[in-house]
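*Asks:* using only what follows, build the 3D model:
(3 chains)
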Amino acid sequence: MGQRLLMKGNEAIAEAAIRAGCFHYFGYPITPQTEIAHYMAKKLPKVGGVFLQAESEIAAVNMVYGAGSTGIRVMTSSSSPGISLKQEGLSYMAGSQVPAVVVNIVRAGPGLGGIQPAQCDYFQACKGGGHGDYRQIVLAPSSVQELYELTVEAFNLADRYRIVVMILGDGILGQMMEVVEFRDKEEIADIEKPWAVTGHGGKRKQNVITSIHLDPAVLEKMNQNLQDKYRLITENECRYELYNSEDAEVFIVAYGTVARIAKSIIEMAKNEGLKVGLIRPITLWPFPQEAFDKVKDRAKAFLTVEMSSGQMIEDVRLAVNGTGPVYFHGRMGGMVPNKFDILAQIKEIYSRHINS
Amino acid sequence: MAIIFQKPKALKDTSMHYCPGCTHGIAHRLVAEAMDELNIEGDTIGIASVGCSYNSYDYFGCDMIQCPHGRAPAVATGVKRSNPDKIVFTYQGDGDLAAIGTAEIIHAAARGENITVIFINNTIYGMTSGQMAPTTLLNQFSTTTPYGRQADLHGFPIKVCEMLATLEGAAYIERVSLHDVKHIRKAKEAVKKAFKVQQQKKGFSLVELLSTCPTNWGLNPVEALNRIRDEMIPNYPLGVFRGESLEV
Amino acid sequence: MVHEIILAGFGGQGILSAGRIMAYAGMLDGKQVSWLPSYGPEMRGGTANSSVVISDKPVDSPVLNSAGSIIVMNKPSLEKFESWVDKGGIIIIDSSIVNKDVSRKDIKSFRIPATKIASEMGNMAFANIILLGKLIAEKGTVSVENFKKALYAVLPERKHNLIPMEMEALKTGMEYNEV
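*Replies:* Residues are numbered from 1 along each chain as shown, chains lettered A, B, ... in the order given. The predicted model follows:
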């Protein structure tokens, strides 16, 4: 391994992007992700790249659309209200298959909401936040090290599948500092982009990036192609972590910051004789069904913990598919789940399903 | 026999879908002639917008991107900033550029983005069937101003060239007309100059082309051309608004 | 071994930077560390806190709902965090600002007039370092050697000339005994 640095999550994302060969960043300021822009503004000019502060999130995402159309690696970042504004561009990029990486350091909503951490944008990120039948790969890191590693991976996935990859974090992940170990050199997938608009130079036929097809038969075919691609991604790219799962009876399901809180609860539960495991989806879309299949024979109950009113729980219920009860623990508005409250709920679940 | 007139090379062999008497075809031709004469088609990336010209990539031979309504200057910025040696132009109508895309055009001009904007002003929304545009003249009828545009209800027309000419980032801004041969020749020079400004990295260039929409104006092609002369030019005076002394 | 530390006080008392210095020193000691600030408008006035975890194994949660060691530099922080101290844990109070002591009997409290001592040393901004000195003396959280290195890494260069004084302040805190 290479350098070991104490870094803020937001800075690790920016550094990772540059290491992954992303030298173009377009963004608009919003808390709590602004350090990404600060870092890019400082570093990109020094590596021959471009940092541009756009006039709005809408403009920023369309700059990403333009730059990505030329085949380069490009990124934007924002937080919830800003990501809402970017949905237009994300839908266009889905339709015209332009790869890009978009970071959402989620804050509590709805509306202007607050600036404290939340996971209330799960539906928007995973179910298609803009118009049309589309998906984007959604990665949910839960440490600063993982913010770095998954940001690098996001660029490779984006290029490989011609798709938008969203890093879904939250204010805690963006603001906290942890130790990051950087690799000396990144694995940058070398992917040909014969579709890119770079000027045909008289040497090839015209390339067009477009999402409009007024003939419904053509548009249906285009949609079928997208769905084929999404199926391929679902088969190949599901990622998850099973933690303390060997003899667990109750499984917490959580991602991002909340998964970290869950890990501290597992230790406490162990001391009280409770066998608690963790299923941590790393890809939120595609949702890692396999993790649930692996534990369904021993799992007596599931507890989904989110910083939302219960969004991922819908996918958890589908994945569990009636093989066990699924409970929920959620906080909203920027409040963070408390480990003692969660432990108390686990004890209740234990007494209902295991010690009864 | 010598060929004295033919289709520009930068236009594809596709027949256009535009209505009879619409000047989009002329505007396309002027852009294509500029690409031919400057020999830049292979290095050019065009940005199609939303409106009747959404599929101008079916007519232009260069690489193109179709983009969301009003966002062409932002998309062009992304392309140009990552490919500074390519030629990048947007082709936008008045609704696209001066209503939904107002922020994008102003900031692209203010930043002095080294791109060329071809701005079609026909004082109406064509594709969605004749609604009021930001450039619709006072008293002009449209499907959303069925009693005529009234200042107290609908506000005043936006004069894009005059507005953008106040920005230091804009290098070259000119308004021309497509209503007769003499003016078309002048328009051709303006379009070509705008591309040259970009080639020479002098900054943001925009040419506004006063254009027709006979279908939604309810006029025949000749009447439509006359309307440009009689009604539009008095309200949208022709000329160079910025960069008059710019040598290219 | 896991050290969970919460630092709390007013914005401007060096609450966030004290946490960062500890986290950095922990990293230099070869430990896994996390530092989580309260963020937002409270950065510029109101109350600020930061959570630090220094651990031999990967840090579970950077978000704390309790801690073995808590440093408080104002009264609202004492009121908020007294109940958060783990049984048998410690709380270190800047007694020149907080005129109250803890009511719990199952934790150990240390009252140090850190701001007053720092002022006497010529720089009120050292108060946080004095309190960290007490924490290190009681808990052996990080090594003094790496604490010094961390000061060089975390503080901006224009403040590096103050570091010998800061190390003096740390020593004062480490050796301070309540009278």
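
*Asks:* which phi and psi does C:S61 have?
*Replies:* Phi and psi for C:S61, reported as degrees, to the nearest 10, are phi -110, psi 130.

*Asks:* what about it, distance to chain B?
*Replies:* As judged by C-beta to the nearest C-beta, to the nearest Å, C:S61 and chain B stand 39 Å apart. Just so you know, the C-beta spots here come from the backbone N, C-alpha and C atoms, and that holds for glycine as well.

*Asks:* give the rounded mean pLDDT of the longest helix along chain B.
*Replies:* If each helix of chain B is counted by residues according to DSSP state H, the longest one is helix B:181-199. In this model, helix B:181-199 has an average pLDDT of 98.

*Asks:* where does whichever residue of chain B sits closest to chain C land in three-state SS?
*Replies:* Relative to chain C, the nearest point of chain B is B:A103 (28.0 Å; C-beta to the nearest C-beta). Under DSSP: H, G, I helix; E, B strand; the rest coil, the three-state class of B:A103 is helix.

*Asks:* what residues does it make contact with?
*Replies:* A:E55, A:S56, A:I58, A:A59 (C-beta atoms under 8 Å, 6 or more residues apart in numbering or on different chains).

*Asks:* pull out the buried positions in stretch C:7-19.
*Replies:* C:L7, C:A8, C:G9, C:F10, C:G11, C:Q13, C:G14, C:I15, C:L16, C:S17, C:A18, C:G19 (16 or more other C-beta atoms under 10 Å in any protein chain shown).

*Asks:* quick one: the fifth one and C:T47 touch, right?
*Replies:* When you say that, I think you mean C:G11. Yes: applying C-beta atoms under 8 Å as the test, C:G11 and C:T47 come out as touching, 7.2 Å apart.

*Asks:* give the residue farthest from the middle of the chain.
*Replies:* Reading this off chain A. When distances to the mean C-alpha position of chain A are computed (C-alpha atoms, centre = their mean), the maximum falls on A:G202, with 40.0 Å.

*Asks:* actually chain C
*Replies:* C:R158 (22.4 Å).

*Asks:* can I take it that that residue is in a helix?
*Replies:* Yes: judged by three-state DSSP, C:R158 forms part of a helix.

*Asks:* can you count the residues close to B:I105?
*Replies:* 25 (other C-beta atoms under 10 Å in any protein chain shown).

*Asks:* mind checking how far it is from A:N62?
*Replies:* 12 Å (C-beta to C-beta, to the nearest Å).

*Asks:* likewise for B:A109?
*Replies:* 16 Å.

*Asks:* mind listing what the residue lying closest to A:Q97 once chain neighbours are set aside touches?
*Replies:* Closest residue to A:Q97 apart from its sequence neighbours, by C-beta to C-beta, 6 or more residues apart in numbering or on different chains: A:R162 at 4.0 Å. When contacts are counted by C-beta under 8 Å, 6+ apart, A:R162 touches A:Q97, A:V98, A:P99, A:W195, A:K229.

*Asks:* list buried residues within the residues you listed.
*Replies:* A:Q97, A:V98, A:P99.

*Asks:* could you chop chain A up by domain?
*Replies:* According to automatic domain parsing, chain A comprises the domains A:4-236, A:241-353.

*Asks:* on that earlier part again, now the buried residues of stretch C:7-19 in TSV, with pLDDT and secondary structure?
*Replies:* Listed next are the buried residues of stretch C:7-19 as TSV, based on pLDDT from 0 to 100; DSSP: H, G, I helix; E, B strand; the rest coil:
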residue	pLDDT	secondary structure
C:L7	97	strand
C:A8	96	strand
C:G9	94	strand
C:F10	91	strand
C:G11	85	coil
C:Q13	91	coil
C:G14	93	coil
C:I15	93	helix
C:L16	94	helix
C:S17	94	helix
C:A18	97	helix
C:G19	97	helix
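
*Asks:* which one of those sits closest to C:Y152?
*Replies:* Taking C-beta to C-beta as the measure, C:Y152 sits nearest to C:S17 out of the buried residues of stretch C:7-19, at 13.1 Å.
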